[in-house]
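**Q** Turn this into a model:
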Amino acid sequence: MSVVPTQYIAALSIASRHVKRLGRSIVAMAEQVYRRALEIKMHKIVRCILLRNAHVSPMSQALTLHSDGLVASGRQRFVYLHPHDPTKLVKVLRSADQMQRRRGFSGTMDHFFPSTRVRQIRKEYSEYLRVMLSDMDMKQQPPIAHMYGFAVTNLGVGCVTERITKSDGSIGDTLAQVIQSGKLTDTHLELLNDTIGRIYSNGVRASDMNSKNFVFGHRNNGDGRGPEECVLVDGFGDIHAVPVRSMGRFPNRIGLDDSCKRLARKNGLEWNNEIRQFTR
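**A** Have a look, this model is predicted:
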């Protein structure tokens, strides 16, 4: 009976490990290619919707947004009440001369590549599509605001989105407003933590989880007002130049952990990374 030399056994063992690693690398690359192809397809869908809605209606049929209907203004967009539907809002891009000049890389991109502003909208809609289509048996509302496509307005193409309201029908308070007014309660924290839990479980790529993007209130469920909840109304979608969060659930969880720590630090809260909850 022949004896296999020890060096041969060691070589076979090393070769086997390399084959396994190669196999795992190929599977990981295939998953990344599939995810990227899916995102490209979503971007094309959103672009087609934008182009179709941007040219279908003459200005005589455009929504007229009034200055007294302005409810919020961000760095990139103005947010208006929908003039005909009390359950919706309309977000419109600021014109270039209305934008505050940013420094660093973001300011350079704004100046030399203004199309990146539209890219942010594409990313937002793509993420909404991804979250909604990832679980066709979804039994509860997503942690992000519903989005209803685009509309031509007197201020340009607007993004129509869900309106979160108080019991009296007025716009819901943001987390920032609640904290600044000193009215943060345990109920607010419970609602916020519930939303954070759903953001993690749905794998939402939230790139801007600041306190102004979380709103407390009720959705309109079609047959009346829904239960009180906390909703992430803006800041979702992987808008970073290098879309690391889109590469998988693990890098996205790391990004969410960092966003929650930053949200807690800036608003006088405590973040427990083990149970992924906020406390005071």
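**Q** who are the neighbours in contact with Arg225?
**A** 165, 167, 218-219 (Cβ atoms under 8 Å, 6 or more residues apart in numbering). (Glycine included, C-beta is placed from N, CA and C.)
**Q** who's the residue sitting nearest the centre point of the chain bridged to?
**A** Centroid-nearest residue in the chain: Phe236, 1.2 Å away (criterion: Cα atoms, centre = their mean). On the basis of DSSP bridges, Phe236 is bridged to Ala206.
**Q** and the contacts of Arg225, which are buried?
**A** The neighbour count (16 or more other Cβ atoms under 10 Å) marks 165, 218-219 as buried among the contacts of Arg225.
**Q** so how far is Ala151 from the closest residue to Gln277 other than its chain neighbours?
**A** Residue nearest to Gln277 in three dimensions, not counting chain neighbours: Asn193, with 4.6 Å by Cβ to Cβ, 6 or more residues apart in numbering. Relative to Ala151, Asn193 is positioned 34 Å away (Cβ to Cβ, to the nearest Å).
**Q** returning to what we had before: average model confidence for whichever helix or strand the residue nearest to Gln277 is part of?
**A** Assigned by DSSP states H and E, Asn193 belongs to helix 186-201. The pLDDT scores in helix 186-201 average 97.
**Q** repeat for stretch 62-82
**A** 92.
**Q** send the alpha carbons of that stretch over as CSV?
**A** Taking Å, rounded to 0.1, in the frame of the first residue of the first chain, the C-alpha atoms of stretch 62-82 are listed here in CSV:
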residue,chain,number,x,y,z
ALA,A,62,-50.1,72.4,-14.3
LEU,A,63,-50.6,72.4,-10.6
THR,A,64,-50.3,75.9,-9.2
LEU,A,65,-48.2,75.9,-6.0
HIS,A,66,-48.7,79.0,-3.9
SER,A,67,-46.2,80.6,-1.5
ASP,A,68,-48.7,80.3,1.4
GLY,A,69,-48.6,76.6,0.8
LEU,A,70,-44.9,76.3,1.5
VAL,A,71,-44.4,74.0,4.5
ALA,A,72,-40.7,73.2,4.4
SER,A,73,-37.5,74.1,2.6
GLY,A,74,-34.5,71.9,2.4
ARG,A,75,-31.0,72.4,0.9
GLN,A,76,-32.2,71.0,-2.4
ARG,A,77,-36.0,71.3,-2.5
PHE,A,78,-39.1,73.2,-1.4
VAL,A,79,-42.0,71.3,0.0
TYR,A,80,-45.6,72.5,-0.8
LEU,A,81,-49.1,71.4,0.2
HIS,A,82,-50.8,69.7,-2.7
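**Q** Run through who's touching it.
**A** Stretch 62-82 has contacts (Cβ under 8 Å, 6+ apart) with 83-84, 88-94, 99-100, 102, 117, 120, 151-155, 158-160, 163, 171, 212, 234.
**Q** Going along the chain, name the helices of the chain.
**A** With DSSP state H as the criterion, the chain has helices at 6-56, 104-112, 116-133, 175-180, 186-201, 249-266.
**Q** Now do the third one and helix 186-201, the angle between them.
**A** This points to helix 116-133. Helix 116-133 runs at 90 degrees relative to helix 186-201, counting by axes from the mean of the first three to the mean of the last three Cα atoms, to 10 degrees.
**Q** Cheers, nothing more for now.
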